[in-house]
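K.L.:
coords below, sequence missing:
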């Protein structure tokens, strides 16, 4: 039955006034829906944001393929994005061998080590457990790989530059590393490095010659040294951590070809970035599934709450429904009225839940990051209009189905019986 | 007969209660003409509410024939009965049955919403004035007295221009003076608008204001008399009804 706008408005008005009749019950039911939608939107935002953060972090590496020592791909992923622990090393001559591959557009060697900071920063605590990720890089090839990297400007940061390749006492700090240590260009930076095979750490003093702009990647928290200096200080002059490679033509077929060519080296593995992305996503996939299950339970509980509320309302208004039928309301009119009430509860709850998710997204992000280090930088909860639209639409669709039974019960009442059961 | 509004022949309404068949109404013949005020009396369980429900198309008979407003309604489904009720019948109930969340104006315009008709505020105001509630349009039911609520219910029934007004114990919850004013209003509506009014009441004095009085006992008509005869028969003794 088509209704014009005026009649529809009256139906909405009737439904709204009915819901206002029991404000506490209605508010609690809406709160249940809102809570479920908050969880669903936060989860959707997390799934979207986390994938986006992984994509961004990996794209900002600048290379599509890396060669590293054989080991677990999870370690590879962690190492690449966080600096990692339990580092494995390649023979340095791998660089010379792989460099000659005709399919390579650019290649850069990276040596990663972990140094202990001693009394270097004002935030050092007494336990001395602060560590810095040190990246030894070859500046010319690194810059080709990451042309977007620039130096921070402003008072205390001007004249930032890369170190000389043979420099032994100059460092460049990533944006967050500098912020954390409160270091500017010209300041000193201290790090204790334990050379391989040595029992004691050796403290080194460096001069900060540049602070990088924020990139939103792992580079922000990194301390950069010339690769030869880093290898020497870490006692691994003939070793590398990874080789970052950009191929002239990148496809899964080309990657397989490249992989096949270099698997002949016994000590290396070729890892494509897609592989790394999949690894990282799989790291949190289980957690996401569990959260999704919780969200689903919240949605089901909320839906049961909505159905219960509307059914109670229908039973309380049995006599009124009978009167409305006596006054000429058809079955579908009663059905639409009760159904509208259900959908209104779900719609208002969904909007409130979405707003709560938006307002609370920062808290959710902090909570997730405090529970688990997901290996990516930047925002991992991204609530987009599409996520909200899906959540609100989902709640309304659930309301549509949830409202069917109470609406059917109400519309099926025979007026003569309904009036007789009046309260 | 063209002025017949309701005609029932051999009207039956049986209910099945377990293995027992309850004959709530058992072979009732009745003819009600346009503009008549008919009062139905009877003790509890006599079948007067069942008869009212059938004659007002709120329920379907299990036997016999019934014509309301020229339409045969025996055997119709609930959906079909709604279509007969719409625009033909107006209802007034003992409990007033106003929607507590709606104002007086919204309550009396409610039937139009279900008919898909835009309310005409001029007509609404006229009807409110006719029932003496012109100054109560924006009040909620809880702000009204019992008599005022019943007037709102009557106004609501009149909004759809019914041919038949059905009133189930319309004075049951009202004091004597208010009840008299409601009966006076019914008589005026019947006289001025040609409205057929069908009512049940416990009050013999109100029943005697009707054109006809039908008394029921055990699902059958005991008496069906015009006012003069009913008055003579009923006046010496209490009416066979229960409070």
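P.N.:
Perfect, thanks for sending it. Remember, predicted model here, so these are calculated numbers, not experimental data. Residues are numbered from 1 along each chain as shown, chains lettered A, B, ... in the order given.
K.L.:
which element follows the longest helix seen in chain B toward the C-terminus?
P.N.:
Determined from DSSP state H, the single longest helix within chain B is helix B:176-193. Next along the chain after helix B:176-193, taking DSSP states H and E as the criterion, comes strand B:196-200.
K.L.:
name the next helix or strand following that next one along the chain.
P.N.:
Following strand B:196-200 in sequence, per DSSP H and E, is helix B:204-207.
K.L.:
by contact count, what packs against that following helix?
P.N.:
Applying 3 or more C-beta pairs under 8 Å, 6 or more residues apart in numbering or on different chains; DSSP states H and E, we find helix B:204-207 packed against strand B:37-41, helix B:176-193, helix B:227-234. Placement of C-beta: from N, CA and C, glycine included.
K.L.:
what's the spacing between it and its chain's center?
P.N.:
15 Å (C-alpha atoms, centre = their mean, to the nearest Å).
K.L.:
in that helix, what's buried?
P.N.:
Under the neighbour-count criterion of 16 or more other C-beta atoms under 10 Å in any protein chain shown, helix B:204-207 has B:204, B:206-207 buried.
K.L.:
lowest confidence element among the helices and strands of the chain?
P.N.:
As the question left the chain open, I've gone with chain A. Taking mean pLDDT, DSSP states H and E as the measure, the helix or strand of chain A with the lowest value is helix A:73-82, at a mean of 60.
K.L.:
ok, back up a step: between the helices and strands packed on helix B:204-207, which gets nearest to residue A:332?
P.N.:
helix B:176-193 (31.1 Å; C-beta to C-beta).
K.L.:
tell me how far that closest one is from the chain's mean position?
P.N.:
On C-alpha atoms, centre = their mean, the centre of helix B:176-193 falls 13 Å from the chain's centre.
K.L.:
what residues of that helix count as buried?
P.N.:
B:178-183, B:185-186, B:189-190.
K.L.:
tell me the SS of the residue of the stretch 101-250 of chain A found nearest chain B?
P.N.:
With C-beta to the nearest C-beta as the measure, residue A:216 is the residue of the stretch 101-250 of chain A nearest to chain B, at 54.0 Å. Three-state call for residue A:216 (DSSP: H, G, I helix; E, B strand; the rest coil): coil.
K.L.:
now do it against residue A:42, distance only.
P.N.:
Distance of residue A:216 to residue A:42, given as C-beta to C-beta, to the nearest Å: 21 Å.
K.L.:
between these two, point out the one with more neighbours.
P.N.:
The neighbour count for residue A:216 versus residue A:42, taken as other C-beta atoms under 10 Å in any protein chain shown, is higher for residue A:42 (28 against 15).
K.L.:
for chain B, just list every one of the helices.
P.N.:
Counting by DSSP H, chain B has helices at residues B:48-55, B:78-85, B:104-115, B:121-130, B:146-158, B:176-193, B:204-207, B:227-234.
K.L.:
residues of chain A that sit close to chain B?
P.N.:
Those residues of chain A that sit near chain B, judged by C-beta under 8 Å from any C-beta of the partner chain, are A:1, A:3-4, A:6-7, A:10-11, A:14, A:17-18, A:20-21, A:319-320, A:323-331, A:333, A:414-416, A:419, A:422.
K.L.:
what is the residue positioned nearest the centre of chain B paired to in the beta sheet?
P.N.:
In chain B, the centroid-proximal residue (C-alpha atoms, centre = their mean) is residue B:166; its distance is 1.6 Å. Assessed by DSSP bridges, residue B:166 has beta-bridge partners residue B:91, residue B:198.
K.L.:
all helices for the stretch 151-300 of chain A, in order.
P.N.:
A:175-181, A:227-233, A:252-262, A:273-316 (DSSP state H, counting those that start in this stretch).
K.L.:
residue B:141 and residue B:96 touch, don't they?
P.N.:
Yes. If you go by C-beta atoms under 8 Å, residue B:141 and residue B:96 touch, sitting 7.3 Å apart.
K.L.:
more neighbours: these two, which one.
P.N.:
Neighbours were counted for residue B:141 and for residue B:96 using other C-beta under 10 Å; residue B:96 has more, 23 against 19.
K.L.:
next, count neighbours for the nearest residue to the more buried one once chain neighbours are set aside.
P.N.:
Spatial nearest neighbour of residue B:96, excluding adjacent residues (C-beta to C-beta, 6 or more residues apart in numbering or on different chains): residue B:149 at 4.1 Å. As a burial measure, residue B:149 scores 23 neighbours (other C-beta under 10 Å).
K.L.:
quick one: contacts for residue B:149?
P.N.:
With contact taken as C-beta atoms under 8 Å, 6 or more residues apart in numbering or on different chains, residue B:149 is in contact with B:96, B:98, B:141.
K.L.:
repeat that with 10 Å
P.N.:
B:95-98, B:104, B:107, B:133, B:136, B:141-143, B:173-174 (C-beta atoms under 10 Å, 6 or more residues apart in numbering or on different chains).
K.L.:
generate a ChimeraX selection restricted to the buried subset of those residues.
P.N.:
Applying 16+ other C-beta under 10 Å to the contacts of residue B:149 leaves a buried subset, and the ChimeraX line that selects it is:
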select /B:95,96,97,98,104,107,133,136,141,173,174
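K.L.:
now the contacts of residue B:149 in TSV, with pLDDT and distance to residue B:18?
P.N.:
Shown next, in TSV, are those (pLDDT from 0 to 100; distance: C-beta to C-beta, whole Å):
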residue	pLDDT	distance to residue B:18
B:95	77	30
B:96	75	35
B:97	82	31
B:98	89	37
B:104	94	45
B:107	93	40
B:133	88	47
B:136	91	48
B:141	93	40
B:142	92	42
B:143	94	46
B:173	75	34
B:174	76	38
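K.L.:
between the contacts of residue B:149, which is nearest residue B:212?
P.N.:
Among those, and counting by C-beta to C-beta, the member closest to residue B:212 is residue B:174, at 22.5 Å.
K.L.:
give me the low-pLDDT residue ranges for chain B?
P.N.:
Applying pLDDT under 70 to chain B flags the ranges B:1-2, B:227-243.
K.L.:
now residue 67: closest residue in space, sequence neighbours ignored.
P.N.:
Picking chain A for this. Nearest non-adjacent residue to residue A:67 (C-beta to C-beta, 6+ apart): residue A:243, at 4.3 Å.
K.L.:
chain B was what I was after
P.N.:
Closest to residue B:67 by C-beta to C-beta, 6+ apart is residue B:7, at 4.7 Å.
K.L.:
quick one: the one you found from residue B:70, how far?
P.N.:
Distance from residue B:7 to residue B:70, counting by C-beta to C-beta: 9 Å.
K.L.:
so how far is residue A:398 from residue B:183?
P.N.:
For residue B:183 relative to residue A:398 (C-beta to C-beta), the value is 52 Å.
K.L.:
any idea which element the residue in the stretch 1-150 of chain A positioned nearest to chain B lies in?
P.N.:
As assessed by C-beta to the nearest C-beta, chain B sits closest to residue A:17 within the stretch 1-150 of chain A, at 3.9 Å. Using DSSP H and E, residue A:17 falls within helix A:5-21.
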